[in-house]
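>>> Sequence first, then the predicted structure:
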Amino acid sequence: MHARLFDLVEAGKIDGIRLDHIDGLADPKAYLERLQKTVGEDDPFYLVVEKILGPGEELRADWPVAGTTGYEFIRALAELFTDPRGESSMSRAYCDFLQEEVDYEALIIGAKRMMLIRNLAGELEHLKDMAGALALRQLATRDFGNDTLRRAIIELAAALPVYRTYVDVAGAQDEDRAILAAAAEKAKAARQVEDEEAIDFLRRVLELDLESPEEQASALEFAVRFQQTTGPVMAKALEDTAFYRYNRLIALNEVGGEPDRFGAPVDAFHAAMVLRLHHQRRA
């Protein structure tokens, strides 16, 4: 699969590599490290990843890449050229046309639930079985039923503000723990899970916060599978569903965009570019 690519790099025929769907890998960081070691043995090779950053999310600093393909730049540019002063009149016209108010966040959450239940039902069942096997090993969690675990997985995945976390064999980074903590609280606030302790249990599993090495190994398997699932859940629910249902101003509905954020001042654009320069200097 990579042989032709490596031949082109060695021959000096290409100067950079774009890696699409990096979030679909079991361990993106490990893959990127292996790739960079192969193609950039002497000097770091120019690698960019197709990675959609969520609100407030930054590209992981320990990834050996120049940066992303630039979805966050497109978002910042779209917001720059959208006048915030027009939001109230545009929203009023949109709601008048629909004859109803639209809760954009609720729309996304509902779409994520639908994707897991209908489109990714097989993945959901597999995750439920893996979580159930782990729950049986502990006295405090062995009574969690299948429906409780299934609903807890749905709600935790739906509450994630980003496409995925990046827990690996080294454990959960601070960014991962913060994301999972916020998602767990949001999932519990939705009150869709009968036993909220199941959500806390899943959070511990995803952070590999279990006692024995055997449990931690099983937890890592669950975390990898969960992380590979939440990416497509977000993509299909947001880009392929919510963006087609929420049409207040379609210029803001580009991939990586935030249609509910109606424009931003010039200072915000410059601040975003400073962040991009800081975190993705070579991009």
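Done, it's in.

>>> got the contact list for the closest residue in space to Pro161 that isn't next to it in sequence?
What sits nearest to Pro161 in space, not counting adjacent residues and going by Cβ to Cβ, 6 or more residues apart in numbering, is Gly54, at 5.2 Å. C-beta here means a position set from N, CA and C on the backbone, and glycine is covered the same way. Going by Cβ atoms under 8 Å, 6 or more residues apart in numbering, Gly54 touches 161-163.

>>> can you check Phe81 too?
Under the criterion of Cβ under 8 Å, 6+ apart, Phe81 has no contact partners.

>>> what's the distance between it and Glu155?
37 Å (Cβ to Cβ, to the nearest Å).

>>> Next, give phi and psi for Arg282.
Torsion angles at Arg282 (phi, psi; degrees, to the nearest 10) stand at phi -90, psi -10.

>>> So the residue nearest to it when sequence neighbours are not counted versus Phe45, what's the distance?
For Arg282, ignoring the flanking residues on the chain, the nearest one in space by Cβ to Cβ, 6+ apart is Ala66 at 3.8 Å. Here Ala66 is placed at a distance of 9 Å from Phe45 (Cβ to Cβ).

>>> okay, and the common contacts of the two?
For the pair Ala66 and Phe45, residues contacting each of them under the criterion Cβ under 8 Å, 6+ apart are Gly16.

>>> how about the longest helix that the chain contains: buried residues?
The residue-count maximum for a helix in the chain (DSSP state H) belongs to helix 213-234. Of the residues in helix 213-234, those scored as buried under the neighbour-count criterion (16 or more other Cβ atoms under 10 Å) are 215-216, 218-220, 222-224, 226-234.

>>> Past it, which element shows up next along the chain?
Remark: after helix 213-234, the chain's next helix or strand is helix 243-245, criterion DSSP states H and E.

>>> which strands and helices sit next to that next one?
Judged by 3 or more Cβ pairs under 8 Å, 6 or more residues apart in numbering; DSSP states H and E, helix 243-245 has no packing partners among the helices and strands.

>>> residues in contact with that helix?
Contacts for helix 243-245 (Cβ under 8 Å, 6+ apart): 107, 111, 253, 257, 259.

>>> Does the second one touch Ala235 like I think?
In this case it means Ala111. No - with the criterion set as Cβ atoms under 8 Å, Ala111 and Ala235 do not qualify as a contacting pair; they are 10.8 Å apart.

>>> measure stretch 251-270 end to end?
Using Cα to Cα, to the nearest Å, the end-to-end distance of stretch 251-270 comes to 20 Å.
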